[in-house]
Structure formats: C-alpha cells, structure tokens
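>>> Return a 3D structure for these sequence lines:
(one chain, ligands or ions: 1)
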Amino acid sequence: MNTKTFTITKKTQLTPDVFEIIMSTDTYTPSIPGQFITFILPNIWGRAYSIAQDTIGGYTFLIKRVADGRGGSKYICDRSEWDTLNAVGPSGHFVLKEEKNSKLFAGTGVGFAPLYAQILATLKSGNTSSIHLLFGVRFTEDLFYLAEIQAIQSKYPNFNYEVFVSREKYEGCKKGYITDALTPDIIENFSEFYVCGAPVVVDSVNEKLLAWGVEKEKIFFEKY
Ligand SMILES: Cc1cc2nc3c(=O)[nH]c(=O)nc-3n(C[C@H](O)[C@H](O)[C@H](O)COP(=O)(O)OP(=O)(O)OC[C@H]3O[C@@H](n4cnc5c(N)ncnc54)[C@H](O)[C@@H]3O)c2cc1C
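Predicted structure coming up:
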C-alpha cells in the first residue's frame, strides 16, 4: 500500500456540519474526476472522501461531520490547518467518461463533491452539450457552494442547475426532492447520468431513471 502524507492547508466551515478542507501532498498524482482518497485514521481502518477539486499538488474535499458516527469524519473535520493525515489514492471507478455528450448530474449533500469535479472537468474540456445539475439538501442552512455553481453558469451557457430544499421553502430553490425533476421530457435530453449521495437517494434516482427507460449502462453512481 502506497501511503501518502497529506497536510491540511485550509479549512473552511460551509454549513453547520460541512467543511471544505484543502490538502496538499508531496506525492501528488492527478485524479480522474469522481475519484476519492482513503484516509487511514486512528482506530478506524479507512474513510473515503471524494475529490471535489484537483489542483496540482493537492485536492479539495467537502466533508460532512457526522456527529453520531464512529468518528472518521469528526476526526478529519476537527483537525487544524497544517495537521497531517495518512492516505491512499486517488482511486475509484465512479469517473467521468470522456464523451462530449449531454450529462445530467444528481446529488444530495456532500454527494455533490465528485459531481463538482466532474462538471468542471467536462466543461473545461470543451463539452458544449447540455450539462445539468440537480443538487438537493434538507434545509436552507445545509446549502453550500451556491456561488461556485452560479459562477459555472455565468461562464458556461450550456450549464444549468436546479437546487432543491426538501424541508423548507427558500427563494430561488425548489421545495422538494431532486427526484421531482426526473420527468421523461427532461431525461430524454441527456445521454449520461451521474448520481451521488446517501444510498437511499441514489437508489430512488436510479429507480426513477430506469423506470423512465434509461439504459443501465448510461447511469453511473456512488453511494456514501
Ligand atoms: C467512495 C466514497 C466517497 C465518499 N466521499 C465523501 C465525501 O466526499 N464527503 C463526505 O462527507 N463523505 C464521503 N463519504 C462518506 C465517508 O466515507 C464516511 O462514511 C462518512 O464520513 C461517515 O464516517 P464516520 O466514521 O464519521 O461515521 P460512520 O460511523 O462510518 O458512519 C455513520 C453513518 O453515517 C452514514 N453516512 C456516511 N456519509 C454520510 C453523510 N454524508 N451524511 C449522513 N450520514 C452519512 C454512514 O453510512 C453510517 O450509516 C464517502 C464514502 C464513499 C464510500
């Protein structure tokens, strides 16, 4: 196992429980958009975190501090800038396909992390087909990266997005679930589907896509 040492260079709290954590490493290797890093933590073998952004020399992660979990996410989110962590990767098969075709991205919470990397990569590669993001959270206070998402839309006219808040109303967002947007007339516009989030969310998105006739081979997903 090729263990690397990562140094936290910046930590920003985005919501009551989501942190943006930027890390650098001397043994950097480029990732394929959608891949993750596995951190080796004290008393816990490993916890995977998707790379939200790959900048030469390091990566940005979006990590939810799961308060009632076994401690992996708490351990990382409670570290300070310049602390170090051991990790392996990048690895993983939930990766962006190279095709410059239309793509629908659907994610909830920090399941947005790999989608962000994938959306930026496909747009930067010159994909001018329709790229659409469905991003869902429970409460308004759980929203993050809206400025970054808006910045993508300003730069790339073929990118559009819809934000869903399921438990309350918020101006500019839709009240409901990302699955609400999955209607046949929307789905038929896309050639590939990338889905990430909690298992129950991924299952319900996939179920709906398959029910509306999307081929299994065109759906790519990662369950957290
Ligand atoms: C490939 C992969 C990539 C991942 N990428 C990310 C990422 O970019 N950001 C991130 O925050 N997490 C990510 N996760 C989840 C992460 O690996 C841990 O499972 C999570 O941080 C909980 O670990 P824990 O030790 O704190 O709690 P645990 O005791 O391991 O988990 C407690 C419970 O929380 C659930 N859980 C996992 N993720 C969440 C979540 N986001 N919200 C609520 N409950 C959750 C677990 O399924 C479990 O039921 C990823 C998981 C996988 C498999």
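
>>> Please identify the buried residues of stretch 4-11?
4, 6, 8, 11 (16 or more other C-beta atoms under 10 Å). The way it works is simple: take the backbone N, C-alpha and C, and place the C-beta from them, glycine included.

>>> any chance of those in CSV, with distance to the ligand, pLDDT and secondary structure too?
Formatted as CSV, the buried residues of stretch 4-11 follow (distance: C-beta to the nearest ligand atom, whole Å; pLDDT from 0 to 100; DSSP: H, G, I helix; E, B strand; the rest coil):
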residue, distance to the ligand, pLDDT, secondary structure
Lys4, 17, 94, strand
Phe6, 14, 97, strand
Ile8, 15, 98, strand
Lys11, 14, 98, strand
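
>>> hey, where'd the strands end up in this protein?
4-13, 18-24, 36-41, 44-50, 53-55, 58-64, 84-91, 103-108, 131-137, 159-165, 174-175, 192-197, 219-223 (DSSP state E).

>>> residues contacting Val18?
Residues in contact with Val18 (C-beta atoms under 8 Å, 6 or more residues apart in numbering) are 62-65, 109-110, 142, 144.

>>> For the chain, what lies in contact range of the ligand?
36, 47-50, 61-64, 66, 69-74, 92, 109-110, 113, 222, 224 (C-beta under 6 Å from any ligand atom).

>>> 5 Å - rerun?
Of all the residues in the chain, those in contact range of the ligand (C-beta under 5 Å from any ligand atom) are 36, 47-50, 63-64, 66, 69-70, 72-73, 110, 113, 224.

>>> In ChimeraX, select just the buried ones from the residues you listed.
The following ChimeraX line selects those of the residues of the chain next to the ligand that are buried, judged by 16+ other C-beta under 10 Å:
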select :36,47,48,49,50,63,64,66,72,73,110,113,224
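
>>> okay, among the residues of the chain next to the ligand, which ones form the most distant pair?
Arg70 and Ala113 (20.3 Å; C-beta to C-beta).

>>> Quick check, central residue of this protein?
Ala113 (2.0 Å; C-alpha atoms, centre = their mean).

>>> Let me see the contact set for that one.
49-52, 61-62, 196.

>>> Out of the residues you listed, give me the one that has the most neighbours.
Ranked by the number of neighbours (other C-beta atoms under 10 Å), these place Ser50 first, at 30 neighbours.

>>> Just the buried residues of stretch 18-30, please?
Those would be 18-25, 28, for stretch 18-30 by 16+ other C-beta under 10 Å.

>>> now, which of the residues you listed sits nearest the ligand?
Val18 (7.3 Å; C-beta to the nearest ligand atom).

>>> Look up the residues forming beta bridges with that closest one.
Taking DSSP bridges as the rule, Val18 bridges to Lys64.

>>> any residues touching stretch 198-214, and which ones?
Here stretch 198-214 has contacts from 106, 108-109, 111, 136, 177-179, 182-184, 187, 193, 195-196, 216, 219, 221-224, using C-beta under 8 Å, 6+ apart.

>>> Buried residues of that stretch, list them for me.
So for stretch 198-214, counting by 16+ other C-beta under 10 Å, buried means 201-202, 204-206, 208-209, 214.

>>> average pLDDT for it?
In this model, stretch 198-214 has an average pLDDT of 97.

>>> And for stretch 127-146?
98.

>>> So, low pLDDT: which residues of the protein?
Regions of the chain meeting the criterion pLDDT under 70 are absent.
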